[in-house]
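Novice: predicted coordinates and the sequence they were generated for:
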Amino acid sequence: MSAFPVYDAVVNTDEKKGDYTLPSAAFANGALNVFVRRGVYNEESDIVIPVGGTLTGEHRGLTIIDFGGNAGSIRCESGYLAVESAGTIELVSGSAEVEGTDTTFTNLTVGDCIQIHNNDVVIAAIADDTHLTLESAYNGRSGSGITFSALLMRSYDSLKNFTVRNSTATGLNFSGCRRLKLKDVTVRSCTPNLSFTQCGQFVARNVISEYSLGVGSAFNACRSGTCSTVSALSNYSHGATTTGNCTDLMLHDFEGTSNGGNGLYVNGVFSDANVTSCVFRQNYAAGAYTNSAAFSFVVNGCTVDSNGATGIESHGEQAIFTNSTFRNNVTCGLDMSGDYCIAGKNIGFGSATGARISGSRCNFCDNSFTDASSDSCHIMSGADNNIVTGNHFEGGGNNTLYDEGTNTLTAQTNKP
């Protein structure tokens, strides 16, 4: 009887104690669930995980897959060729039927997934360009004119308990993955370390991404993903990046520290995201940067410390910043450039400028920004109709509150 009955194959550096001596060989020969013993496994090309496959190491720090400077990756890819998103759909609560307007559902295949409100649902039947049937009934709120995307996806891959290192390509490459689980994995010295493209409902937990020759972790057009207790450390470029249309992402206990760019760099749509209990510290540029396409996201309970530019520089609309600490950042603690934003119950000290407001119709309330070498709070020229109430500003080297905006409402603000 095998010592590991739940696995199709056991990989061991000693050929007498395992079925294979390399993980790539185990998967190439048809294994679905592979267990890798402690040791260093020198791979020269890709390790391709089959659909629904698992790769499990014996020990995160002692099970090491080393690409040795070759362009090899661990790959979980659905093989999708295009994303179908033309037109809109109508949904009826309790029904599995989907009716499209100006859609081309016949470009899809039964078994593909359609994204409905960030849930990727399997397609059971396709009648014509405007009618398809879901695998399960839709039970949410009925509606029409709903945008969607649909593509071939793979489901329920699982990777855990090992280290990947030294690839001139992507260390871990996930594409078109649904409900992926990545846990207790370290990726280092790859280019980038991790890449997620068109992935949904995935979970990355207890992951370390360090010393990448490019970006630590790259997210492109992903939705409903959770990154919990993930560290992006000392990567050559940014700690983590988002591109494309990323929605409903959750970064919880994420750390972006000592990266050559920003701790987090948002360059694309970044909507309805939640950044909670994160640390952005000692990055060469900003702790976190979001462009103008980002909107309706929340930053709560974060520590933003000693970054080489701004602590958080946000150009997106409808953002919320609460209960966070901004200290000792070179340019500014919190730069709120988007419109209709809210900042409340934050603490800042020791930055060149404590807080800077460039957007309009924002609410800046119940904050404390002190001991800035320039201004404790600077409302920039062009900002208008902002509300600044109940704050404590003290110890600005130039000004405590420097208001160059128009129609600013300032009330109950302490300005010693």
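Specialist: Arrived safely, thanks for sending.
Novice: what's near enough to touch Val11?
Specialist: Counting by Cβ atoms under 8 Å, 6 or more residues apart in numbering, Val11 makes contact with 18-23, 25-26, 34-37, 41. (Each C-beta comes from the backbone N, C-alpha and C, glycine too.)
Novice: now render those as a markdown table, adding secondary structure, neighbour count and pLDDT.
Specialist: Converted to a markdown table, these look like this (DSSP: H, G, I helix; E, B strand; the rest coil; neighbours: other Cβ atoms under 10 Å; pLDDT from 0 to 100):
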| residue | secondary structure | neighbour count | pLDDT |
| --- | --- | --- | --- |
| Gly18 | coil | 19 | 95 |
| Asp19 | coil | 19 | 96 |
| Tyr20 | strand | 20 | 97 |
| Thr21 | coil | 16 | 98 |
| Leu22 | coil | 18 | 98 |
| Pro23 | helix | 24 | 98 |
| Ala25 | helix | 17 | 98 |
| Ala26 | helix | 25 | 98 |
| Val34 | strand | 26 | 97 |
| Phe35 | strand | 26 | 98 |
| Val36 | strand | 27 | 98 |
| Arg37 | coil | 18 | 98 |
| Tyr41 | strand | 23 | 98 |
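Novice: low-confidence regions, the stretch 301-416 of the chain specifically.
Specialist: 412-416 (pLDDT under 70).
Novice: change it to 50
Specialist: Scanning the stretch 301-416 of the chain for pLDDT under 50 picks out nothing.
Novice: same thing with the stretch 101-250 of the chain?
Specialist: Under the criterion pLDDT under 50, no range of the stretch 101-250 of the chain is flagged.
Novice: again, 90 this time
Specialist: Scanning the stretch 101-250 of the chain for pLDDT under 90 picks out the ranges 117-118.
Novice: got the contacts of Val11 as CSV, with distance to Gly68 columns?
Specialist: Output for the contacts of Val11, formatted as CSV (distance: Cβ to Cβ, whole Å):
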residue, distance to Gly68
Gly18, 21
Asp19, 23
Tyr20, 18
Thr21, 15
Leu22, 12
Pro23, 14
Ala25, 16
Ala26, 19
Val34, 20
Phe35, 23
Val36, 17
Arg37, 19
Tyr41, 10
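Novice: neighbouring contacts of stretch 293-302?
Specialist: With Cβ under 8 Å, 6+ apart, stretch 293-302 has contacts from 266, 268-280, 288, 290, 312, 314-325, 338.
Novice: heading C-terminal from the helix or strand hosting Gly311, find the next helix or strand.
Specialist: With elements taken from DSSP states H and E, the one containing Gly311 is strand 310-314. The helix or strand immediately downstream of strand 310-314 is strand 320-322, counting by DSSP H and E.
Novice: name the helices or strands packed onto the next helix or strand after that following strand?
Specialist: Using DSSP H and E, the helix or strand that follows strand 320-322 in sequence is strand 325-327. Applying 3 or more Cβ pairs under 8 Å, 6 or more residues apart in numbering; DSSP states H and E, one finds that strand 325-327 contacts strand 303-305, strand 310-314, strand 332-336, strand 347-349.
Novice: so what are the sheet partners of strand 325-327 and their directions?
Specialist: Strand 325-327 has its sheet partners listed here by DSSP bridges as strand 303-305 (parallel), strand 347-349 (parallel).
Novice: mean neighbour count for the ones you listed - can I get that in JSON lines?
Specialist: Shown next, in JSON lines, are these (neighbours: other Cβ atoms under 10 Å):
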{"stretch": "strand 303-305", "mean neighbour count": "23"}
{"stretch": "strand 347-349", "mean neighbour count": "21"}
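Novice: got the angle between the strand holding Gly311 and strand 332-336?
Specialist: Here the directions of strand 310-314 and strand 332-336 differ by 0 degrees (axes from the mean of the first three to the mean of the last three Cα atoms, to 10 degrees).
Novice: direction included, what does strand 310-314 pair against?
Specialist: Going by DSSP bridges, the partners of strand 310-314 are strand 288-290 (parallel), strand 332-336 (parallel).
Novice: TSV for the ones you listed, including mean neighbour count?
Specialist: Below are the strands paired with strand 310-314 laid out as TSV (neighbours: other Cβ under 10 Å):
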stretch	mean neighbour count
strand 288-290	27
strand 332-336	28
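Novice: would JSON lines of those strands with distance to Thr88 be doable?
Specialist: Shown next, in JSON lines, are those (distance: least, Cβ to Cβ, whole Å):
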{"stretch": "strand 288-290", "distance to Thr88": "28"}
{"stretch": "strand 332-336", "distance to Thr88": "33"}
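Novice: surely Asp403 touches Asn386?
Specialist: No. With contacts counted by Cβ atoms under 8 Å, Asp403 stays clear of Asn386, the gap being 9.1 Å.
Novice: in terms of neighbours, single out the busier of the two.
Specialist: Neighbour count, other Cβ atoms under 10 Å: between Asp403 and Asn386, Asn386 has more, with 25 against 18.
Novice: coming back round to it: now render the strands paired with strand 325-327 as JSON lines, adding distance to Met250.
Specialist: Formatted as JSON lines, the strands paired with strand 325-327 follow (distance: least, Cβ to Cβ, whole Å):
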{"stretch": "strand 303-305", "distance to Met250": "18"}
{"stretch": "strand 347-349", "distance to Met250": "24"}
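Novice: what's the closest of the ones you listed to Thr191?
Specialist: Among the strands paired with strand 325-327, strand 303-305 comes nearest to Thr191, with 27.3 Å by Cβ to Cβ.
Novice: contacts for the closest one?
Specialist: Taking Cβ under 8 Å, 6+ apart as the rule, strand 303-305 contacts 278-282, 287-288, 311-312, 324-329, 333-334.
Novice: let's go with 10 Å and repeat that
Specialist: Residues from elsewhere that reach strand 303-305 (Cβ atoms under 10 Å, 6 or more residues apart in numbering): 255-257, 263, 277-283, 286-288, 310-312, 321, 324-329, 333-334, 346, 348, 350-351.
Novice: next one: it to chain centre, how far?
Specialist: Between the centre of strand 303-305 and the centre of its chain there are 18 Å (Cα atoms, centre = their mean, to the nearest Å).
Novice: again with stretch 99-109
Specialist: 29 Å.
Novice: buried stuff in that stretch?
Specialist: Glu99, Gly100, Thr103, Phe105, Leu108 (16 or more other Cβ atoms under 10 Å).
Novice: residue contacts, the third one?
Specialist: Residues near Thr103 by Cβ under 10 Å, 6+ apart: 84-89, 128-132, 148, 150.
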